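# Quick one: sequence plus predicted model below, questions after.
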Amino acid sequence: MHNTLTGRRDPFEPIEPDHVRLYVCGPTVYDRAHIGNARPVVVFDVLTRLLRRLYPRVTYVRNITDVDDKINARAREAGEPIDAITARTIVHFHDDMSALGALPPDEEPRATRHIQDMQRLIARLIDRGHAYEAEGHVLFSVPSMPEYGRLSRRSRDDMIAGARVEVAPYKRDPADFVLWKPSDDTLPGWDSPWGRGRPGWHIECSAMSARYLGESFDIHGGGLDLVFPHHENEIAQSVCANGPGTFARVWMHNGYLMVNGEKMSKSLGNFLTVQDLLARAPGEAVRLGLLSTHYRQPLDWTDAGLDQARRTLDRFYAALGRVADVPADEAAPVPEGVLAALCDDLNTPRALTELHALVGALNKAETPEDQSRLKGRILAAGALLGLLGQDPAAWRAGDSADDADLAARVEERIQARKAARAARDFAAADAIRDALAAEGIVLEDGPGGTTWRRA
RNA sequence: GGCCGGAUGGCAGAGGGGUUAUGCAGCGGACUGCAAAUCCGCGUACGUCGGUUCGAGUCCGGCUCCGGCCUCCA
């Protein structure tokens, strides 16, 4: 796995040989998830599936940030209680990620349920001389940690030189960041030794990772944009509270996501929510689109790319549909090439190439034995990637599968065409096929009869 | 201004000193009443200029362009 901390690929060895612990930064719940939020969820879902295959026990923690000034602002604008916004957004998030085939994490801690843990951590940082109180705030003292900046490879001078915001007057050092800040009566707040207030953004991940995974754990993941300041600050808080050598061993960051070559932003109007995409394509196609590029590469999300992902699944499911009556070899292993690709820094594009080769082999396989063996392997590889779990017939029909009337009508047309063909009235047969094609229904004649799919 | 990435055939996208993926699209063929699907065949592409080397997409340096971070952000 590539480790942001070392800047290279290192062999992965868990701290406990038979228990892998990982933490991934989850959403701030104030709005619908966009495709950029979905990328790390899907990427780390594949990583978790892989780890579960390789190790007896995996604990995967992904937090929910439900106290944040963006949420407060949203509540104020909408005139809606914070709890209502966060509760609704969490439901949407779960629905959207589930549609993308992402399994739930083992723990999904919410910041508001761990305020005590955060306060204890802050108190410890103050005791150890790494934090100080000023005007109702508690600030982390960056100069107290000489190795601050290691993850993001920047010196304090760099950070100060690049500062674009005014430095709050109560900061002893311009790089210091907030652990706790005061809340007025209109804002959510909790009593604390430093007055009624709320936590800074970074402290929750330090507190909750320690609570569920211990002071040291194996992998910490998230988007590349979190490297600075969020992850850098998490490291500062955790290491200064718990001692040198603690906290995450391996840091994994997924690359940026762009839309049609541009940064996704509300002002550009190219903000794509998962919900939008699910209206246009099956969740599995969105997932495949995200996995078609290596996780550390920049990913340019386009309609053409989404179409291509859907066509790839058409090919895979068509191959599986052809052997629908052949039972898959239940004992089939995950193909060596697929496993090797994923074990090489989660190389999902190469794993998909292997899958294409297996599908080609299945298309050529002539004996039920070979078909069973290959089908089993393809499904095992698919399960590892979180793909190909559907019934091929359901995939072919797509949304039309929900429409029993349509299915019945298409069947009726297929029978009519069959009769026309038997009578060698090809003009009539082609007219039926063309009429269905105009509705987006494609007929395919095969040895076992005629099947249909949506175009 | 500081820092960090990226640039591969028509498109997407791996690889990473010598054998040059894979998919889509395209072309030719097999099969088919015709299609579709499937199968077979066809592609020396690595931003640019230098350097190292017997040999460089692959290593080193300069440059150009693109994106991002330095403030909330996956």
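Cool, got the structure.

# A:Ala73 and A:Thr28, how far apart?
Computed as CB to CB, to the nearest Å, the A:Ala73 to A:Thr28 distance reads 12 Å. C-beta here means a position set from N, CA and C on the backbone, and glycine is covered the same way.

# These two: who's more crowded?
Between A:Ala73 and A:Thr28, counted using other CB atoms under 10 Å, A:Thr28 has the larger neighbour count: 20 against 11.

# Could I get the contacting residues of the more buried one?
Neighbouring residues of A:Thr28 by CB atoms under 8 Å, 6 or more residues apart in numbering: A:65-66, A:68, A:70-71.

# what does stretch A:424-439 rub up against?
A:410, A:413, A:416-417, A:420-421, A:442-443, A:452, A:455.

# Closest to A:Gly305 out of those?
A:Ala455 (18.4 Å; CB to CB).

# For A:Glu444, see how far away that closest one is.
A:Ala455 is 11 Å from A:Glu444, by CB to CB.

# Neighbour count: the two, which is higher?
Under the neighbour definition other CB under 10 Å, A:Ala455 and A:Glu444 were set side by side, and A:Glu444 has more, 13 against 10.

# and the nearest residue to that one once chain neighbours are set aside, how many neighbours?
The shortest distance from A:Glu444 to any non-neighbouring residue, by CB to CB, 6 or more residues apart in numbering, is to A:Thr451 (5.3 Å). Residues lying near A:Thr451 (other CB under 10 Å) number 19.

# List the pairing partners of the host helix or strand of A:Thr451 within its sheet, with orientation.
A:Thr451 is part of strand A:449-454 when elements are defined by DSSP states H and E. As defined by DSSP bridges, the strand partners of strand A:449-454 come to strand A:441-446 (antiparallel).

# And the strand it pairs with, what's buried?
The neighbour-count check on strand A:441-446 (16 or more other CB atoms under 10 Å) flags A:441, A:443 as buried.

# send the alpha carbons of that strand over as PDB?
Extracted in PDB, the C-alpha atoms of strand A:441-446 (Å, rounded to 0.1, in the frame of the first residue of the first chain):
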ATOM      1  CA  ILE A 441     -35.800  -2.400 -25.900                       C
ATOM      2  CA  VAL A 442     -33.200  -4.500 -27.700                       C
ATOM      3  CA  LEU A 443     -34.000  -8.100 -28.700                       C
ATOM      4  CA  GLU A 444     -31.300 -10.600 -29.000                       C
ATOM      5  CA  ASP A 445     -31.800 -14.000 -30.700                       C
ATOM      6  CA  GLY A 446     -29.700 -16.800 -29.200                       C
END
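
# Run the chain-centre distance for it.
35 Å (CA atoms, centre = their mean, to the nearest Å).

# how about that strand, does it reach RNA strand B?
Yes - using CB under 7 Å from any atom of the strand, strand A:441-446 reaches RNA strand B at A:442-446.

# averaged over its residues, what pLDDT does that strand have?
For strand A:441-446, mean pLDDT rounds to 85.

# ok, residues contacting that strand?
So strand A:441-446 is contacted by A:322, A:400, A:410, A:414, A:417, A:433, A:436-437, A:450-455 (CB under 8 Å, 6+ apart).

# List, out of those residues, those positioned next to RNA strand B.
A:Arg433.

# ranking the contacts of strand A:441-446 by neighbours, who comes first?
Busiest of these [other CB under 10 Å] is A:Arg417, holding 23 neighbours.

# quick revisit: now the contacts of strand A:441-446 as CSV including pLDDT and distance to A:Gln119?
Shown next, in CSV, are the contacts of strand A:441-446 (pLDDT from 0 to 100; distance: CB to CB, whole Å):
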residue, pLDDT, distance to A:Gln119
A:Arg322, 91, 61
A:Ser400, 63, 55
A:Val410, 87, 63
A:Ile414, 91, 68
A:Arg417, 94, 72
A:Arg433, 90, 70
A:Leu436, 87, 65
A:Ala437, 85, 65
A:Thr450, 87, 68
A:Thr451, 84, 62
A:Trp452, 84, 62
A:Arg453, 83, 57
A:Arg454, 79, 55
A:Ala455, 75, 58
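
# ok, so of the contacts of strand A:441-446, who is nearest A:Ala175?
Out of these, the member with the shortest distance to A:Ala175 (by CB to CB) is A:Arg454, at 55.8 Å.

# secondary structure class for the nearest residue to that closest one once chain neighbours are set aside?
The shortest distance from A:Arg454 to any non-neighbouring residue, by CB to CB, 6+ apart, is to A:Gly398 (4.4 Å). Under DSSP: H, G, I helix; E, B strand; the rest coil, A:Gly398 falls in the helix class.

# need the contact list for A:Gly398.
If you count contacts by CB under 8 Å, 6+ apart, then A:Gly398 has A:282, A:453-454 around it.

# Now flag whichever of those is closest to RNA strand B.
Of all the contacts of A:Gly398, RNA strand B sits closest to A:Arg453, with 8.1 Å by CB to the nearest atom of the strand.

# The residue nearest to A:Glu444 contacts A:Ala318, correct?
No - the criterion here is CB atoms under 8 Å, and A:Thr451 misses it with A:Ala318 at 9.2 Å.

# Up against RNA strand B, what does the stretch 251-400 of chain A have?
A:254-258, A:261-264, A:292-294, A:297-300, A:302, A:304-305, A:308, A:311-312, A:315, A:318-319, A:344-345, A:347, A:349-350, A:352-353, A:356-357, A:359-360, A:363-364.
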